[in-house]
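>>> Provided below are the primary sequence and the corresponding predicted coordinates.
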Amino acid sequence: MLFRKDGICYGTENDENVVINLAFVFGIRYKLVDGAQTKHRTAAKCISGAGRRDALGWFRRICPHAFFCSLQADLGIRERIRIFTFPVTVWLMIVQRLSGGTLADAVAELVAGNGWELLEPCSRVRRGAVSLNTGAYSQARMRVPVEGARQIAQHTFEYLHTAAPRHSVRERAFLMDGTSIRLPHTAALLKQYPAASNQHGDAHWPIMRVVTIHHVVTGLALPPCYGPMYGDNGVGEQELAEQMLERLPAGSVLVGDRNFGVFSLVWQACSKGHDVLVRLKQDRAALLTEALAVNADQSVEWQPSARELRAHPELTRDIRLKGRLVVVQGELSSEPLYLFTTLRESTGDIASLYKERWNVETDLRSLKEQMKLHSISAKTPDMAASELMLAIAAYNLIRAVMQEAARQAGIQPRRLSYSRAQSCFWPFIRLLSTTSGNTPDFEYHWQRFIRAIAQCKLPNRSRPSAPRAIWPKRSAFPTRQTSQEKTK
């Protein structure tokens, strides 16, 4: 049996269903060379990737074949028919992040059949002879452009966030915070991301500074902005946060801690149509008003300082930012919280919304521990950036399933544990990938999967608050020294 694509005939096994399923899943128009009728087209539609509800079904629905075609055309990506095409490589990089595995583990998933709907009908695919070797996959990963990975992460967020309601202030709020990622010690990465240095010398590991923004209700993450943390070209969190404002949905509410309570960032956020809720340092709050008593709530006008005028030439002395200064008592210390906001909600609502800022700390912990972003093993700056962006896309896939499970259970998505949800995610996905999307078995396993995610609730903790502290980590091995240090 043969079918035709772009004037080329491809052979398959002697089964008409194989031809029809391949052609429909790949999104191509075909005709049987021997003139057979397409009588199974309706059945083929039922098992297509767009109708599936397993992990690959989520991925295909969010990033369909038309999206990848448009993205490849915009970025000028032209590739021949092969196993590790651009969509297949992106899918495997997401699989690798979700499973916490290696390149060999990701290729093994493909050989086992997870993701075959994305494959192009090359000769190895038609023979079912996909190799377990990782060389071709490693080379394909290096062909993924950084801009392509960023657009995939942005598209994933926008697709999933569009379905969420945005009526209340909480549903429009986003949490912002910064972190750092350790990179391997290579010449290319050290040139782009210098290591830290002090009076004792240079450190070993290159460090990347990252700023992320997460939705308050769902935990969905926008594509982060990043840059070097040290060196002559080092960037601060405020500078990266200003770049993130371009990616926020219209009419959002930006929530940040004291590090982001600076005039330049707040002014840019308000000028783009967003509301803000940021914590100020006491000395900066004292410049706005003299009344800093607890439970105070008064209207203020914020103007840039001389230092900010020198650092930001676009600002002028006559700029005034109108808002409110709300003073509330902190829970973890005796120091009050000085909150500047442009919102009109009550003092209690403002304090409750800022209390949600702690969620971004747990979101960053999930990214670093579950998505393995505490350290990226890429050897080049472009590969490190692509890994970061696609890790955010993988993180949002888990958040989307958690959002669906929370909706069916009638609870808030934040009540579910991300680590437990991801732990039960992949075993169920392997099971669902072996069943057809149009059988009672698939629906049975899918509902079990959703119920299992809904059961991953966080406990209702009633322990007293404690100040933040870090236990020192001791090592049984001596600190590694360079050859120059050993000779001293």
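Cool, the structure landed. Note that this is a predicted model, so its numbers are computed, not measured.
>>> longest helix in this structure, by residue count?
helix 381-409 (DSSP state H).
>>> And the contacts of the next helix or strand after it?
Next in sequence after helix 381-409, counting helices and strands by DSSP states H and E, comes helix 418-432. With CB atoms under 8 Å, 6 or more residues apart in numbering as the test, helix 418-432 has contacts from 53-55, 98-99, 114, 219, 362-363, 366, 369-370, 398-399, 401-402, 405, 442, 445-446, 448-449, 452-453, 456. Heads up, the C-betas are built off the backbone N, CA and C, glycines and all.
>>> Quick check: next helix or strand after helix 418-432?
According to DSSP H and E, the helix or strand after helix 418-432 is helix 440-454.
>>> where's residue 334, which helix or strand?
Using DSSP H and E, no helix or strand contains residue 334.
>>> burial measure for it, as a count.
6 (other CB atoms under 10 Å).
>>> From residue 259, how far off is it?
In this view, residue 334 and residue 259 are 21 Å apart by CB to CB, to the nearest Å.
>>> Same check on residue 341?
Relative to residue 259, and taking CB to CB, residue 341 is found at 17 Å.
>>> Comparing those two, which shows the higher neighbour count?
More crowded of residue 341 and residue 259, by other CB under 10 Å: residue 341, with 21 against 17.
>>> So in terms of bridging, what pairs with that one?
residue 277, residue 324 (DSSP bridges).
>>> and the chain, what are its domains?
Using automatic domain parsing, the domains assigned to the chain come out as 1-46, 168-369.
>>> average pLDDT for the first one?
Okay, so that is domain 1-46. For domain 1-46, mean pLDDT rounds to 35.
>>> rewinding a little: and the domains of the chain, which one averages the lowest pLDDT?
For those, where the average pLDDT is lowest is domain 1-46, sitting at a mean of 35.
>>> show me where the stretch 101-250 of the chain has helices.
103-111, 123-127, 135-142, 146-162, 169-172, 187-192, 237-244 (DSSP state H, counting those that start in this stretch).
>>> closest to residue 376 out of those?
Residue 376 lies closest, by CB to CB, to one member of the helices of the stretch 101-250 of the chain: helix 187-192, at 9.4 Å.
>>> What separation do you get for residue 138 and residue 427?
27 Å.
>>> Only the buried residues of stretch 250-258, if you could.
For stretch 250-258, the neighbour count (16 or more other CB atoms under 10 Å) marks 252, 253, 254, 255, 256, 257 as buried.
>>> residues touching the most centrally placed residue in the chain, list them.
Central residue of the chain (CA atoms, centre = their mean): residue 392, 1.9 Å from the mean position. By CB under 8 Å, 6+ apart, the contact list for residue 392 reads 153, 156, 157, 212, 221, 222, 223, 224, 367.
>>> Does residue 398 touch residue 98 like I think?
Yes - using CB atoms under 8 Å, residue 398 makes contact with residue 98 at a distance of 7.2 Å.
>>> that older thread, from the buried residues of stretch 250-258, pick the one nearest residue 143.
For these, the nearest to residue 143 is residue 252 (34.5 Å; CB to CB).
>>> Quick check: the closest one touching residue 272?
No - with contact defined as CB under 8 Å, residue 252 does not count as touching residue 272 (9.1 Å).
>>> Residue 346: neighbour count?
With other CB under 10 Å as criterion, residue 346 counts 11.
>>> same deal with residue 415?
14.
>>> Would you mind listing the residues in contact with it?
So residue 415 contacts 406, 457, 458 (CB under 8 Å, 6+ apart).
>>> circling back to that earlier point, buried among the contacts of helix 418-432? Make that a ChimeraX selection.
Here is the ChimeraX selection string for the buried members of the contacts of helix 418-432, based on 16+ other CB under 10 Å:
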select :53,54,55,98,99,114,219,362,363,366,370,398,399,401,402,405,442,445,446,449,452,453,456
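>>> quick one on the thing from earlier: mean neighbour count and distance to residue 83 for the helices of the stretch 101-250 of the chain - can I get that in JSON lines?
What follows is the helices of the stretch 101-250 of the chain, written out as JSON lines (neighbours: other CB atoms under 10 Å; distance: least, CB to CB, whole Å):
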{"stretch": "helix 103-111", "mean neighbour count": "19", "distance to residue 83": "8"}
{"stretch": "helix 123-127", "mean neighbour count": "14", "distance to residue 83": "6"}
{"stretch": "helix 135-142", "mean neighbour count": "16", "distance to residue 83": "7"}
{"stretch": "helix 146-162", "mean neighbour count": "19", "distance to residue 83": "19"}
{"stretch": "helix 169-172", "mean neighbour count": "17", "distance to residue 83": "43"}
{"stretch": "helix 187-192", "mean neighbour count": "16", "distance to residue 83": "28"}
{"stretch": "helix 237-244", "mean neighbour count": "19", "distance to residue 83": "36"}
